[in-house]
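A.B. asks: Need coordinates for the below:
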Amino acid sequence: MRERARRVVSDEVGTIVREARFRMALVYPSPYRAAMSSLGYQIIYRIVNERELWSAERAMLPEDVGEFRQGRWPLFTLEGETAVGDADVVAFSLAYELEIPGLLDCLDLSGIPLRGAERSDEDPIVVIGGPLTFSNPLPSAPFADVVVMGEGEEVVGCLLDAWEGHSGRAEKLEAIAAVAGCYVPSVHGELLLPVAAADNVLLPGCGQIITPHAELANMHLVEAERGCHRKCTFCVMRRSTNGGMRLADPGAIIASIPDAAQRVGLVGAAVSDHPKLCDIVEQIVDSGRGVGLSSLRADRLSERLVGLLARGGYRTLTVASDGASERLRKELQKVIREEHLIRAAHFAAASELRVLKLYMMIGVPGETEDDITELIDFCKEVSQIHRLALGIAPFVSKRNTPLDKHGFAGIPYVNGVLKRLRKELRGRVDIRSVSARWAWVEWNVAQGGFSMADATESAWRAGGGFSAWKRAIAEFGGEDESDRASWS
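C.D. replies: Next comes the predicted model:
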């Protein structure tokens, strides 16, 4: 296992190896390929390593957890090959609800008690941060000692200052609870605190490590912007969250690119809304590098931009439609219209891209058979312009959005819509979908509180299969998977 880790690290550029008085194990509850494609994870890695008294060492969920357990190997860090459980602070980055079982695997492999209430002064302080905290960290909170709410660049430094200034677990947690942006479940109880925003002078955040083994291989990650100015009612990052959209300076973006970067990934919730995006992409492509964008809005596409993306290595043009019909998109306050999506298909064809991919939600509040019919007719029209693929996800309402509390459409309903789409679009459109069953699990966890932590642990202990989740969710007060909730 250690030899495998050494081979991976030997291929990295930008790895930080240093000794310090205190050590943070920075853990990602998914495997390496996902971890090293997370910009937030890399930002915190660099920030902690810039502190005089601290080093940060990375660890990830093993590809084969069972292999670790069978060999009785403790989870260890990549840089120092030291046990995660021996760190002073163990910090997790959680992207979404279904990564919480991975967090439990990592704690278990590290020999750390799963619950904050079970830990003693001999155990490290366990911190949870990441995108999940913008919505609802409560189902993960009982497994944490501290939750960093929102953007962590400044909060993590204040947290470590409080940690350094006190002795004993109880004293440290009391001090950390007073830090703005830090939620301490043992002190605050079961409630949602406001999310923190980093000072704009810290933007753009950029990656520290480039590796060929990430999902975004050999790519330097840098923010083009942070937040969003749009009002989509289903989105956690809508404009009311964290001050809306904040633009990064084009010169700072270009200056952040290291010589070793073969590709550059521009990251943000609304990258294509940056007014200077074409100029930024053109500089990157002219330097001989590939380019990737984390989000493209169909109404912001132009022939110039799509042409630059093709020069930068794009083979698939991916945009989000979200609602199945024009009516639903208006109700979701999604400003994308059919004409924008049809124009995107023409741009993809003109630039000789392989496929246009549309992300789509089904089971949104108020959806009817007529909306699905409109989607089918629209897909047939677009597929005559260019090859089309649909990436479909059942709608999962999230806390801290206007659609909070809306129910799940029901597994039978979602599967029925998918069956109809596949039947009527067979041979015309490639359809990939998220499992209706796992979307239902995600919905229950996303809408829950501490009781869903109990359900998650119960399902995890029972093997983590769907039947285990179904029993656990029923036991701890979740919604029956066969119900279609009221959308009134």
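
A.B. asks: what about stretch 338-348, distance to the chain center?
C.D. replies: Distance of stretch 338-348 from its chain centroid, counting by CA atoms, centre = their mean, to the nearest Å, is 27 Å.

A.B. asks: With stretch 452-467 instead?
C.D. replies: Taking the mean of its C-alpha atoms, stretch 452-467 sits 21 Å from the chain's own mean (CA atoms, centre = their mean).

A.B. asks: Tell me which residues are up against that stretch.
C.D. replies: Residues outside stretch 452-467 that contact it (CB atoms under 8 Å, 6 or more residues apart in numbering) are 100-101, 104-105, 114, 138-143, 437-438, 441, 444-445, 448, 468-469, 471-473, 475-476, 478. Every residue, glycine included, has its C-beta placed from N, CA and C.

A.B. asks: Just the mean pLDDT for stretch 55-62, thanks.
C.D. replies: Average pLDDT, stretch 55-62: 98.

A.B. asks: Off-centre distance for that stretch?
C.D. replies: Chain-centre distance of stretch 55-62: 18 Å, with CA atoms, centre = their mean.

A.B. asks: got the contact list for the spatially most central residue of the chain?
C.D. replies: The centroid of the chain falls nearest to A95 when counting by CA atoms, centre = their mean (3.7 Å). Counting by CB under 8 Å, 6+ apart, A95 touches 30, 38, 130-132.

A.B. asks: Ok, A214 next?
C.D. replies: A214 neighbours (CB under 8 Å, 6+ apart): 32-33, 35-37.

A.B. asks: Select from those residues the one having the most neighbours.
C.D. replies: The most crowded member of the contacts of A214, judged by other CB atoms under 10 Å, is M36 (28 neighbours).

A.B. asks: now, which of the contacts of stretch 452-467 lie within helices?
C.D. replies: Assigned to helices by DSSP state H, the following of these qualify: 100-101, 104-105, 437-438, 441, 444-445, 468-469, 471-473, 475.

A.B. asks: Emit the PyMOL select command for whichever of the residues you listed are buried.
C.D. replies: Command for PyMOL that selects the buried part of those, burial taken from 16 or more other CB atoms under 10 Å:
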select buried, resi 100+101+104+105+437+441+444+445+468+469+472+473
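
A.B. asks: Let me know the closest of the ones in helices among the contacts of stretch 452-467 to E81.
C.D. replies: When the ones in helices among the contacts of stretch 452-467 are ranked by distance to E81 (CB to CB), D105 comes first, at 19.3 Å.

A.B. asks: Quick check: the gap between the closest one and F347.
C.D. replies: Computed as CB to CB, to the nearest Å, the D105 to F347 distance reads 43 Å.

A.B. asks: Could you do M245 as well?
C.D. replies: M245 is 24 Å from F347, where distance means CB to CB.

A.B. asks: Tell me how far stretch 210-219 lies from the chain's centre.
C.D. replies: Remark: stretch 210-219 is offset 17 Å from the chain centroid, using CA atoms, centre = their mean.

A.B. asks: just the CA coordinates of it, formatted as CSV?
C.D. replies: What follows is stretch 210-219, C-alpha atoms only, in CSV (Å, rounded to 0.1, in the frame of the first residue of the first chain):
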residue,chain,number,x,y,z
ILE,A,210,-0.9,18.7,-10.7
THR,A,211,-1.1,15.0,-11.2
PRO,A,212,-1.9,12.6,-14.1
HIS,A,213,-3.9,10.4,-11.8
ALA,A,214,-6.8,12.8,-11.1
GLU,A,215,-10.1,12.9,-12.9
LEU,A,216,-8.9,16.2,-14.2
ALA,A,217,-5.5,14.8,-15.2
ASN,A,218,-2.5,17.2,-15.5
MET,A,219,-4.8,20.1,-14.9
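
A.B. asks: Buried ones in it, by neighbour count?
C.D. replies: 210-211, 214, 216, 218-219.

A.B. asks: and stretch 340-357, which residues are buried?
C.D. replies: Under the neighbour-count criterion of 16+ other CB under 10 Å, stretch 340-357 has 340-348, 351, 353, 356-357 buried.

A.B. asks: Need the residues that contact it.
C.D. replies: The contact list for stretch 340-357, computed with CB under 8 Å, 6+ apart, reads 298-299, 301-303, 306-307, 309-310, 314-319, 321, 358, 378, 381-382, 385-391, 430.

A.B. asks: which residues in the stretch 351-488 of the chain form strands?
C.D. replies: Along the stretch 351-488 of the chain, the segments classed as strands by DSSP state E, counting those that start in this stretch run 355-362, 388-394, 429-433.

A.B. asks: Now render these as TSV, adding distance to S256 and mean pLDDT.
C.D. replies: Shown next, in TSV, are the strands of the stretch 351-488 of the chain (distance: least, CB to CB, whole Å; pLDDT from 0 to 100):
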stretch	distance to S256	mean pLDDT
strand 355-362	28	97
strand 388-394	30	98
strand 429-433	33	97
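
A.B. asks: could the ones you listed be laid out in CSV, adding distance to P124?
C.D. replies: CSV is the format used below for the strands of the stretch 351-488 of the chain (distance: least, CB to CB, whole Å):
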stretch, distance to P124
strand 355-362, 39
strand 388-394, 36
strand 429-433, 40
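
A.B. asks: residues in contact with A59?
C.D. replies: By CB under 8 Å, 6+ apart, the contact list for A59 reads 25-28, 75-78, 84, 106.

A.B. asks: For it, pull up the helix or strand it's in.
C.D. replies: Here A59 is covered by strand 54-60, with elements defined by DSSP states H and E.

A.B. asks: now do I253
C.D. replies: Going by DSSP H and E, I253 is in helix 250-255.

A.B. asks: Distance from the chain centre to that helix, please.
C.D. replies: When C-alpha coordinates are averaged (CA atoms, centre = their mean), helix 250-255 and its chain have centres 24 Å apart.

A.B. asks: Quick check: which helices or strands does that helix pack against?
C.D. replies: Secondary-structure packing of helix 250-255 (3 or more CB pairs under 8 Å, 6 or more residues apart in numbering; DSSP states H and E): helix 277-286.

A.B. asks: centre of the chain versus the helix it packs on, how much separation?
C.D. replies: Mean-position distance between helix 277-286 and its chain equals 26 Å (CA atoms, centre = their mean).
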